[in-house]
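In: I'd like to go over a predicted model; first the sequence, then the structure.
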Amino acid sequence: MASHPSVNVARLTYLLVCEAAGVAIALSTKGLIDISISTGLLGGLGVAGIVIWIESLMKGFTLRGFSTASFGLGIGLFCAWLLTRVEISSLLELAFRDRLMTESGNPGVELDVLRLTINVTLYASLGFLGAVLALRSNRDDFAFIIPYVRFRQDASSGQPIVLDSEAVMGEKVLRIFRSGFLHGRLIVPRFILDDLQMRVESGANIDRQRAQRGLESLEKMQLSQEIQISIHDTPTNGEPETIHSRLIETTRMLGARLMTDDDNLAKVARIQGLDVLSLRDLNEALKPTIAIGERINTVLVRTGKEDHQAVGYLSDGTMIVVNHAIAKMGSNADVIVVSTLLTSSGMMVFGDLYKPS
């Protein structure tokens, strides 16, 4: 994974701080241990190289894991600071007392400079590691440490929403968010992008076209001003997992909701206690309820099985068969519902032309 530009800036800044600290140490110890400026530069470069190497090994370690260890580490550092703060000064004075008395005109100043330089280097090193970890983390990782961040986020935009492959390929997400009925930051795990890319490259023709439309829909969402969307790199534990199990684990880790068009995934996620936004349930809820005797306006577009019948379609695709309406073909017609029939492919509606009394 490529480094974030701000991380590279932090690395460069830290390298310069270490070089400056190396020169300062060399100058402050002149006459004591005779460190040359070039040696100080090399020493600063070596320290920076080691710390940056350690930082590069921590790419998969974000604030969520760091926060747990940081409490214990902070208490330990504080106790060590209390125990050693006076002792460090005493040890420095004991180590250089003889040379300071014989070779230095103002030993206290030089000792203070050396102590200050060491402290600056130490604080810069720890600050650098903390800053890089923060730069590699997202807002949900901060919410683990500072619940108020999550509270403010939930109040303004709702919980984050994790999308699965079916939700992305269905192309409904963009329309739902643009309508304003749902808010929240969208999260697409990296393995979902990999799944879509694999379908585009090696899937069946229909599956490949749906995956391609899904990638195009993601691009539109990234360009949209109304939608906040991000790609999440989920660390793996090395064990083979299905996409569904990884989705559930990622959603739970982020404290998010799962949006899916897969009934089986929705059921499994609900059983495991997750909040699920099912697009299929939404479609069912938005289907118009047809009552016998209701008056409907529709366009009649083709003939039915019987010679006198004309067929139209409602906004959700429900077919309505109108008796004695062949003369109205190709035009709008007011229809009175006389019966409904539930079939394996959906609901059919039967009606007659409306006749004003």
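Out: Structure received. All values derive from a computational prediction rather than experimental measurement.
In: hey, let's count contacts and neighbours off CA atoms from now on
Out: Fine.
In: distance of V173 from G312?
Out: 28 Å (Cα to Cα, to the nearest Å).
In: Correction: the previous question concerned M348.
Out: Counting by Cα to Cα, the gap from M348 to G312 is 11 Å.
In: Could you tell me which residues touch both of the two?
Out: M319, I320, V321 (Cα atoms under 8 Å, 6 or more residues apart in numbering).
In: Pick the one among those residues closest to E201.
Out: M319 (36.8 Å; Cα to Cα).
In: Check whether that closest one really touches A310, as I assumed.
Out: No. With contact defined as Cα atoms under 8 Å, M319 does not reach A310; the gap is 10.5 Å.
In: what's the spacing between N323 and G293?
Out: 15 Å.
In: The two: which is more packed in?
Out: N323 (18 against 13; other Cα atoms under 10 Å).
In: Grab the nearest non-local neighbour of that one.
Out: Excluding the flanking residues, the one nearest N323 by Cα to Cα, 6 or more residues apart in numbering is Q309, at 4.7 Å.
In: So between M319 and A310, which is more surrounded?
Out: The neighbour comparison of M319 against A310 (other Cα under 10 Å) goes to A310, with 24 against 16.
In: and the nearest residue to the more buried one once chain neighbours are set aside, how many neighbours?
Out: Leaving aside its sequence neighbours, A310 sits nearest to T303 (Cα to Cα, 6+ apart; 4.4 Å). Neighbour count of T303, defined by other Cα under 10 Å: 17.
In: One more: the one 10 residues further on?
Out: Counted with other Cα under 10 Å, residues neighbouring Y313 total 16.
In: re the thing from before, which one of V173 and G312 has more residues nearby?
Out: Legend: neighbour count by other Cα under 10 Å for V173 and G312, higher for G312 (24 against 21).
In: what separates I243 from S38, distance-wise?
Out: As judged by Cα to Cα, I243 and S38 stand 54 Å apart.
In: And G293, by the same measure?
Out: Counting by Cα to Cα, the gap from G293 to S38 is 95 Å.
In: can you check G170 too?
Out: 63 Å.
In: what about those two, which has more around it?
Out: The neighbour count for G170 versus S38, taken as other Cα under 10 Å, is higher for G170 (17 against 12).
In: Was I right to think the more buried one contacts G214?
Out: Yes. Judged on Cα under 8 Å, G170 makes contact with G214 at a distance of 7.0 Å.
In: Between the two, which contacts overlap?
Out: Counting by Cα under 8 Å, 6+ apart, G170 and G214 have no contacts in common.
In: Who are the packing partners of the lengthiest strand in the chain?
Out: Looking across the chain with DSSP state E, the single longest strand is strand 332-343. Where contact means 3 or more Cα pairs under 8 Å, 6 or more residues apart in numbering; DSSP states H and E, strand 332-343 is packed against strand 295-303, strand 346-353.
In: quick one: average confidence on the longest one?
Out: Average pLDDT, strand 295-303: 90.
In: Spit out the contact partners of I296.
Out: Contacts for I296 were tallied using Cα under 8 Å, 6+ apart; they are D334, V335, I336, V337.
In: Distance to I161 and pLDDT for those residues - can I get that in TSV?
Out: Below are the contacts of I296 laid out as TSV (distance: Cα to Cα, whole Å; pLDDT from 0 to 100):
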residue	distance to I161	pLDDT
D334	42	91
V335	42	92
I336	42	92
V337	40	92
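In: ok, back up a step: got the phi/psi numbers for the residue nearest to N323?
Out: Here is the backbone geometry of Q309 (degrees, to the nearest 10): phi -90, psi 150.
In: count of neighbours near it?
Out: 22.
In: Run through the residues that contact R178.
Out: Counting by Cα under 8 Å, 6+ apart, R178 touches E226, I227.
In: what are the phi and psi angles of it?
Out: Main-chain torsions, R178, degrees, to the nearest 10: phi -70, psi -20.
In: Would you mind measuring from it to K172?
Out: From R178 to K172 the distance is 10 Å (Cα to Cα).
In: Perfect, that will be all.
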